[in-house]
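Participant: compute the structure for the input listed below.
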Amino acid sequence: MIKAYSYIRFSTPEQSRGDSLRRQTSKAEAWALQRGLVLDNSLRDLGVSAYHGANRTTGALRSFLDMVEKDQIERGSYLIVESLDRISRETVIDAATQLFALIQAGITVVTLSDGQEYSSERLRHDWTPLIISLAVMARAHDESRVKSERVGEAWRQKKKRAREEGKPLTPRCPEWLEVRDGKFQQRPERVEIVRRVFRETIDGFGRREIVRRLNLAGVPTFRGGIGWQTSSIAKIIQSRAVLGEYQPHRGTHKNRNRVPEGDPIPDFYPRIIEEETYWLAQTATEGRRHAASGRKGDKGSHILQGLAICTACSGPMHIVNKGRPPKGGVYLACSNNMRNAGCENTRRWRVDVLERDLLIAVDQLDAESLESLDNGPSKAAARVAALKAELADQQRRQKTLVPLVELGDETATERSMSLAKTIKITKAELKKAETEHRRLDADQDLPARIIEAATFSRTLVTLSEEDTEARREVRIRLRELLRRILQRVECDFRFGASVVFVPKLVWHHRTRGRSPYAVKITAQEGTNDGVAEVLLERDIDDELSDDWLGLSPEIRKWKKEEMARGDDEGGGS
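Facilitator: Next up is the predicted model:
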């Protein structure tokens with residue numbers, strides 16, 4: 001059935017509060033009623049610009065064009081617009097191409113402002129409307145171009161003042177600030193919320209957990225929504241505005257052409273988070289991204305999450321819940337074995353037992369005797385210094401080429417262009433190296449983390465099972481601390497379970513002779529440093545070599561018996 005389709009568009013959301021929508025709607029309804037046509041007024045692009053063709057690539061007009069191309073709109077149907085500039089404000093050649101495509105598809109385009117009808121049948125006999133259409137298109141494009149240039153220049157001046165004088169561009173600013181008397185002012189209650197989000201992120205709480213805690217405490221959202229969302233937490237953690245930095249952009253999200261414009265402006269906003277805190281939060285977030293994800297349950301995830309691997313296949317160990325103890329329990333099992341993917345490690349480890357032994361082992365570390373052997377930050381600093389020197393040399397060489405380029409030296413021009421590309425690459429590498437240096441520098445206090453982990457492990461023992469919220473918080477914070485001092489927990493079906501600490505961490509026992517665990521220090525190739533590996537289990541079916549230290553009496557007795565048995569049978573252990 002032949003229908004009339006009313007297409008309504010205006011550029012800015014503010015126009016919706018004016019008369020534009022009513023005016024366009026009422027005119028289309030009157031035109032369709034006069035001709036006895038059914039009117040479809042569902043085509044609306046409200047707050048969409050036609051200058052760069054955004055309405056042609058997305059939105060209601062794009063949907064209509066797709067239906068026309070697929071013959072889902074009957075030939076002879078009408079497209080009603082207030083004027084041709086509602087369809088397009090692009091250049092004449094682009095706007096005319098779109099209009100002609102509609103006409104050739106059998107659509108009659110009606111413009112209510114001047115009463116014109118553009119149809120294939122009419123234009124075959126009377127081409128004068130085309131002159132009118134081209135004039136209208138040219139005028140619409142010129143108006144938008146002039147307006148865009150004026151607005152663009154105004155924004156360029158605002159951004160210039162922002163860089164040179166630190167003046168706010170608009171009243172809009174980060175949610176924890178406001179503009180008063182032409183200056184940014186902090187909103188203390190919101191600043192405290194941002195700082196809380198950073199603290200809890202560093203302590204090991206993920207986005208979902210932070211959202212749960214904020215909503216549980218009834219903390220109001222920044223924009224008055226119903227409860228906090230994980231996306232809001234992500235934006236806070238990722239925002240460099242907390243460091244006072246502002247990155248100007250050009251383009252818009254709606255047109256999908258928003259890109260950074262120039263370098264960030266430092267100290268534009270009031271700084272509310274210290275650099276070290278910011279990078280600690282990024283480190284914690286990155287660590288959780290590579291660890292196991294998913295919901296944590298009422299008690300929080302187990303503290304071995306993301307750390308345990310199977311030694312037989314190097315695959316991850318996953319949770320198997322066999323119900324309530326004493327017959328049941330929560331176990332670690334090889335994921336590949338569970339999926340029949342070729343691993344023969346059928347052994348299961350009780351999570352609560354492994355957690356208990358791991359926390360005891362951590363508590364036995366003598367943190368005060370540890371020396372900071374991690375030279376990661378110093379290497380990163382050296383990398384930054386080297387790149388800065390390299391960049392300075394490249395810029396100096398490019399500067400010497402400028403006079404030759406101005407004289408028209410083609411060889412100098414080629415060299416200058418090549419250097420410009422190299423400088424761009426070096427700048428990107430320098431930015432990446434500086435980021436890594438800040439991250440490492442913020443996360444190097446190993447002894448403090450060990451002491452804190454031991455404190456939390458003792459706190460967890462004292463909390464009752466009924467104190468769910470407190471236990472949940474302690475377990476989450478413990479999991480984050482352990483992730484920073486442990487490399488992995490190895491689950492071997494013959495040997496048992498052992499924990500490998502971070503590189504260059506030397507293991508010390510407060511009571512070595514009475515330790516229930518076996519310890520081995522593996523030297524790192526080319527260094528005097530070592531990795532501590534601690535055997536957590538006693539039910540060992542395999543022989544321990546002499547490089548294991550601090551054996552418990554039970555393990556020593558077992559080893560002697562095995563060696564004696566081997567001698568009796570005519571062979572050594």
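
Participant: which parts of stretch 430-439 are buried?
Facilitator: Under the neighbour-count criterion of 16 or more other Cβ atoms under 10 Å, stretch 430-439 has Leu430, Ala433, Glu434, Glu436, His437, Arg438, Arg439 buried. In this view, the C-beta of every residue, glycine as well, is placed from N, C-alpha and C.

Participant: what does stretch 182-198 give?
Facilitator: Neighbour-count burial for stretch 182-198, with 16+ other Cβ under 10 Å as criterion, is recorded at Phe184, Arg190, Val191, Ile193, Val194, Arg195, Arg196, Val197, Phe198.

Participant: that older thread, Serialize the buried residues of stretch 430-439 to TSV and add fields for secondary structure and distance to Met1.
Facilitator: Formatted as TSV, these follow (DSSP: H, G, I helix; E, B strand; the rest coil; distance: Cβ to Cβ, whole Å):
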residue	secondary structure	distance to Met1
Leu430	helix	65
Ala433	helix	66
Glu434	helix	65
Glu436	helix	65
His437	helix	69
Arg438	helix	66
Arg439	helix	64
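
Participant: which two of the residues you listed have the greatest separation?
Facilitator: Maximum pairwise distance among the buried residues of stretch 430-439 (Cβ to Cβ): 14.9 Å, between Leu430 and Arg439.

Participant: ranges for the helices of the stretch 301-450 of the chain?
Facilitator: For the stretch 301-450 of the chain, the helices defined by DSSP state H, counting those that start in this stretch occupy 335-338, 351-363, 376-406, 410-442, 446-462.

Participant: out of those helices, the one nearest Gly106 is which?
Facilitator: Of all the helices of the stretch 301-450 of the chain, it is helix 410-442 that lies closest to Gly106, at 51.0 Å by Cβ to Cβ.

Participant: in terms of pLDDT, where does Thr58 sit?
Facilitator: For Thr58, the model assigns a pLDDT of 76.

Participant: which ones are touching it?
Facilitator: Thr58 makes contact with Val48, according to Cβ atoms under 8 Å, 6 or more residues apart in numbering.

Participant: gap between it and His249?
Facilitator: Distance, Thr58 to His249, by Cβ to Cβ, to the nearest Å: 19 Å.

Participant: grab the nearest non-local neighbour of Tyr5.
Facilitator: Nearest residue to Tyr5 in three dimensions, chain neighbours excluded: Asp40, at 4.9 Å (Cβ to Cβ, 6 or more residues apart in numbering).

Participant: do I have it right that Leu478 meets Leu460?
Facilitator: Yes - assessed by Cβ atoms under 8 Å, Leu478 is found in contact with Leu460 at 6.8 Å.

Participant: need the overlap of contacts for those two.
Facilitator: With contacts taken as Cβ under 8 Å, 6+ apart, the residues that reach both Leu478 and Leu460 are Leu359.

Participant: which of the two has more neighbours?
Facilitator: A count of neighbours by other Cβ atoms under 10 Å puts Leu478 above the other of Leu478 and Leu460, at 25 against 18.

Participant: element containing the more buried one, please.
Facilitator: Following DSSP states H and E, one finds Leu478 within helix 468-485.

Participant: tilt between that helix and helix 446-462?
Facilitator: Between helix 468-485 and helix 446-462, the angle comes out at 150 degrees (axes from the mean of the first three to the mean of the last three Cα atoms, to 10 degrees).
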